[in-house]
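In: Structure of the sequence below:
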Amino acid sequence: MYVYNFLPLPRQVEEYLDNHQIKKVFERKRDLFRTSPRSRSLNIEPLEPKDSGYNSFRITMKYRAIFEYKKPNLIQVIKITNHYKD
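Out: Residues are numbered from 1 along each chain as shown. Take a look at the predicted model:
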């Protein structure tokens, strides 16, 4: 089994999660990603252009986490977006 690790969240990401009251659900999805990255509920997908190195995973139907792989098993969440507004 391959386990992913996450770098500490940037301050603006922490604030966004707190302000939108989605921190707990984000933590559950992050924990799911760590151990089961192929879970369909995460809906991981590369962002356009595909060679940008940025990907996203679903937090809720409304919110997505934008991230990049720093190493094969190390992830940095860069931003949380409202999937329908940002």
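
In: pLDDT (mean, whole number) over stretch 52-62?
Out: Averaging pLDDT along stretch 52-62 gives 95.

In: Residues contacting that stretch, please?
Out: Outside of stretch 52-62, the residues within contact range by Cβ atoms under 8 Å, 6 or more residues apart in numbering are 22, 25-26, 29, 33, 41-47, 64-69, 78, 80-84. Where C-beta positions appear, they are placed from N, C-alpha and C, glycine not excepted.

In: Quote the end-to-end distance of that stretch.
Out: Terminal residues of stretch 52-62 are spaced 23 Å apart (Cα to Cα, to the nearest Å).

In: buried residues in that stretch?
Out: 54, 55, 56, 57, 58, 59 (16 or more other Cβ atoms under 10 Å).

In: need those in CSV with secondary structure and distance to residue 37, can you?
Out: Shown next, in CSV, are the buried residues of stretch 52-62 (DSSP: H, G, I helix; E, B strand; the rest coil; distance: Cβ to Cβ, whole Å):
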residue, secondary structure, distance to residue 37
54, strand, 16
55, strand, 11
56, strand, 13
57, strand, 9
58, strand, 12
59, coil, 15
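
In: Contacts only, for the closest residue to residue 9 other than its chain neighbours.
Out: Spatial nearest neighbour of residue 9, excluding adjacent residues (Cβ to Cβ, 6 or more residues apart in numbering): residue 77 at 5.8 Å. Residue 77 is in contact with 6, 7, 9, 10, 13, 30, 65, 66, 67, counting by Cβ under 8 Å, 6+ apart.

In: can I assume residue 47 is in contact with residue 66?
Out: Yes. Using Cβ atoms under 8 Å, residue 47 is in contact with residue 66, at 7.0 Å.

In: Between the two, point out the one with more neighbours.
Out: Under the neighbour definition other Cβ atoms under 10 Å, residue 47 and residue 66 were set side by side, and residue 66 has more, 17 against 14.

In: how far away is that one from residue 4?
Out: Counting by Cβ to Cβ, to the nearest Å, the gap between residue 66 and residue 4 amounts to 16 Å.
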